[in-house]
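Asks: Output the structure for:
(chains A and B)
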Amino acid sequence: MDRGMGRATVRERYEKLGLAEALSRAHDYPSACHELGLILRLAYVDLPKNLQSVVFQDTLSAFRLLPEVQTGHGLSSANVLLQAAEVALPKQKKALAVSEFKHAAVAHKRRSRAHHDGGSVSLPYDVLVHIFSFLDLRSLASVGLVCWSWNSAAIDNGLWQMLYSNLFDNHSTCSSKEDHKLVPDGKDVVFHGGMGVDPIININWKEAVRRKCEGVSSWKLLPNRVVCGHCQSIIWSSGITCRTSHECSKIGNQKLNIRPISPYKVVEYLLGEIELAEMSSDTDDSDSDGPSPSTQHLPRLWAYPKLSSTS
Amino acid sequence: MSESEKAIIKPEAMKSFIWLQCADGSIQQVEEEVATFCPMIYREIVQTGMGSSKNYAISLPERVNPAILNFIFDYCRFHQVPGRSNRERKSFDEKFIRMDTKRLCDLTSAADSLQLKPLVDLTSRALARMIEGKSPEEIRETFHLPDDLTEEEKLEPLKNVNDDLRIRLLNRLYAKKRKELKERQKLKSTEADEEKKDERSVDEILSFINGHEDSKGAKAIKNKKKNRRKKVLSKETSRDSAKGQRKKEDTISPSPSQNLEVQGNVEDAFVSNVEFGDGDIDDELDPAVKEELDREVEDFARRLNSDWPERMQEILSLGQDRRLVPNLANSNGSVQKFAGLV
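Replies: Okay, here's the model as predicted:
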């Protein structure tokens, strides 16, 4: 079977995924571990020898970087990766990986103990909003759950407007006053009548983002990866923050086309089984995710998915 | 670098100094070019002509304290020298922000009040990097923030600006009690026993309350007993979900015993960190303030009890509608965020 005899080889696609760099960023560490685990489980046997050793080295470095990642999510992702490694790797490599993990787990625990700072902090509203402007969708949603003062800063309309324009629509959010087309949904709009002047339209941007995510179930799962429809590249969703948008070389004047992509699809892309351009509509993603629609939620609920069919 | 060193050694050299006064009254002097790097100080000098002598020191905003001021001046002193390369500046910045969280936050708000935009950006980015990827509980630990949102507020965006101190305090109390009960449960459930009956949990709460709240006086105890039923209900749901979580966790890591150990240890570390964090919150309030607040809490609770049935209905129906996705272990905190977004 001709795998990867197309324009890009498996090796190139793997490098494009950028897993090694992602592991060194604490934010993307868990997502990268999950992807690596899936690659081990589903694709490892089909990879050429030299790429197998690259994947193995990345697995080892994931464990080595574990002590730096002091979050519960990070530790559990490393566990997931370990289990995938135990299933997929041959004996010697498996032993190396397991021992590396053990050392890392000990170091991780040691570091988490040594972590006690002084008292509490109280940051003013403006400063909080400024800090949150560096966050991506998932982080912005979670800071709103921390405490009352952070919540009131996290629902700042300006932040969500920037996020909306970077994720969904970069055109109409610019001229907010005159352009009536930009009203996403009548429910989000609050009208202010004022002293005989034209009514000012205030859009609740957080609701707008929420509505967009509710419409398509794959956004709802808060994906780790998204695809840019114009330049056909897979990017980390954490790379799109309120301030930084995806800098697409091929977008020209068109509307943004950023779609979520599930980890399974990422593995399929790696093996050359799908082309990114073929994923035309969002509904395709949600239907064909994983073994069956009901197990679509499984990757989020369980540490590893139950594979009913293996290739 | 050597020039500014000389200036420090020989104050009678050509450099002029600016006098600054912090909110606590302490007065400091610093080289003019360092001080004028801050837009706010520069404007004060230009517009009002102050700062040239000790009596006419420029008063700084209250967010700036003397310790932080030294940090800011270190930053200014380095960056105001024009002849530095970008790489030098970058590596200075990276070393500069290696400090503990509290100081970083203080630095951010001080820099913001002095309108020192590059430092604000630098520290904000550092803080954002700390926040990314953490669950809300972890963020609370890192920054020592209180858990003072009600369950319904966590599920819905806040529409009213309703900052009632009593609501915040009551929620903090609930959150703390909930947490403590959860921890007890975790210790007990390692023996893997069945679900306990209602009566036992009530007794636990009673003895716990009576055991620890003696210092606060009888009124407070009575007050909390009134709210006991409400707490039991909320604890019920959190306990059930916690039990559900554990079952899933157990099936996830069946065989390798070291994994269980590691997870268990992580939970322990978590628990001990959490306890430490809670201790901080209590110590902030001194006893007089505490009593005052207790009285207010009691008033509020009395008010609450009068329309308690309706409010309970509201909360329960909200809880049933929104809890479509099961509440998961904090190791996979993404669902919490999901619940917040929806």
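Asks: contacts and neighbour counts: CA atoms only from here.
Replies: Fine.
Asks: Tell me the pLDDT of residue 80.
Replies: Assuming you mean chain A. Residue A:80 is assigned 90 on the pLDDT scale.
Asks: Correction: the question concerned chain B.
Replies: Model confidence at residue B:80, given as pLDDT, is 84.
Asks: ok, it - how many residues close by?
Replies: The tally of other residues near residue B:80 (other Cα atoms under 10 Å in any protein chain shown) stands at 15.
Asks: what separates it from chain A, distance-wise?
Replies: 24 Å (Cα to the nearest Cα, to the nearest Å).
Asks: what sits against that residue?
Replies: Counting by Cα atoms under 8 Å, 6 or more residues apart in numbering or on different chains, residue B:80 touches B:33, B:34, B:37.
Asks: Checking my notes, the first one in a helix, right?
Replies: Yes: counting by DSSP: H, G, I helix; E, B strand; the rest coil, one finds residue B:33 located in a helix.
Asks: Excluding covalently adjacent residues, which one is nearest to it?
Replies: By the measure of Cα to Cα, 6 or more residues apart in numbering or on different chains, the closest residue to residue B:33 outside its immediate chain neighbours is residue B:80, 7.3 Å from it.
Asks: Okay, strands next: where are they in chain B?
Replies: B:17-21, B:27-31, B:58-59 (DSSP state E).
Asks: Could you list every helix and strand in contact with the first one?
Replies: Packed against strand B:17-21, as judged by 3 or more Cα pairs under 8 Å, 6 or more residues apart in numbering or on different chains; DSSP states H and E, are the following elements: strand B:27-31, helix B:32-35, strand B:58-59.
Asks: circling back to that earlier point, any chance of the contacts of residue B:80 in JSON lines, with neighbour count too?
Replies: Formatted as JSON lines, the contacts of residue B:80 follow (neighbours: other Cα atoms under 10 Å in any protein chain shown):
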{"residue": "B:33", "neighbour count": "17"}
{"residue": "B:34", "neighbour count": "21"}
{"residue": "B:37", "neighbour count": "17"}
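Asks: could you dump those to TSV with pLDDT?
Replies: Output for the contacts of residue B:80, formatted as TSV (pLDDT from 0 to 100):
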residue	pLDDT
B:33	83
B:34	84
B:37	84
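Asks: Can I get the strands of chain B in JSON lines including mean pLDDT and mean neighbour count?
Replies: Formatted as JSON lines, these follow (pLDDT from 0 to 100; neighbours: other Cα atoms under 10 Å in any protein chain shown):
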{"stretch": "strand B:17-21", "mean pLDDT": "85", "mean neighbour count": "22"}
{"stretch": "strand B:27-31", "mean pLDDT": "85", "mean neighbour count": "17"}
{"stretch": "strand B:58-59", "mean pLDDT": "83", "mean neighbour count": "21"}
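Asks: Quick one, which of these gets closest to residue A:166.
Replies: Smallest distance to residue A:166 across the strands of chain B (Cα to Cα): 41.4 Å, for strand B:58-59.
Asks: Tell me which residues are up against that closest one.
Replies: B:19, B:20, B:21, B:22, B:23, B:41, B:44, B:50, B:51.
Asks: what's near enough to touch the first one?
Replies: Which is residue B:19. Residue B:19 neighbours (Cα under 8 Å, 6+ apart): B:27, B:28, B:29, B:30, B:51, B:52, B:53, B:54, B:56, B:57, B:58.
Asks: switch to 10 Å and redo it
Replies: Neighbouring residues of residue B:19 by Cα atoms under 10 Å, 6 or more residues apart in numbering or on different chains: B:27-32, B:35, B:50-59.
Asks: Around residue B:87, count how many other residues there are.
Replies: 9.
Asks: That one and residue B:72, how far apart?
Replies: Per Cα to Cα, to the nearest Å, residue B:87 is found 20 Å from residue B:72.
Asks: same thing with residue B:187?
Replies: Counting by Cα to Cα, the separation of residue B:187 from residue B:72 is 47 Å.
Asks: And for the residue nearest to residue B:142 when sequence neighbours are not counted, the neighbour number?
Replies: Nearest in space to residue B:142, with sequence neighbours left out and distances taken as Cα to Cα, 6+ apart, is residue B:101 at 7.4 Å. For residue B:101, the neighbour count with other Cα under 10 Å is 21.
Asks: same check, this time on residue A:112
Replies: For residue A:112, using other Cα under 10 Å, the count is 18.
Asks: before we move on, the earlier item: wait, the residue nearest to residue B:142 touches residue B:140, no?
Replies: No: between residue B:101 and residue B:140 there is no contact under Cα atoms under 10 Å: 11.8 Å.
Asks: shared neighbours of the two, which are they?
Replies: Each of residue A:120 lies in contact with both residue B:101 and residue B:140 under the rule Cα under 10 Å, 6+ apart.
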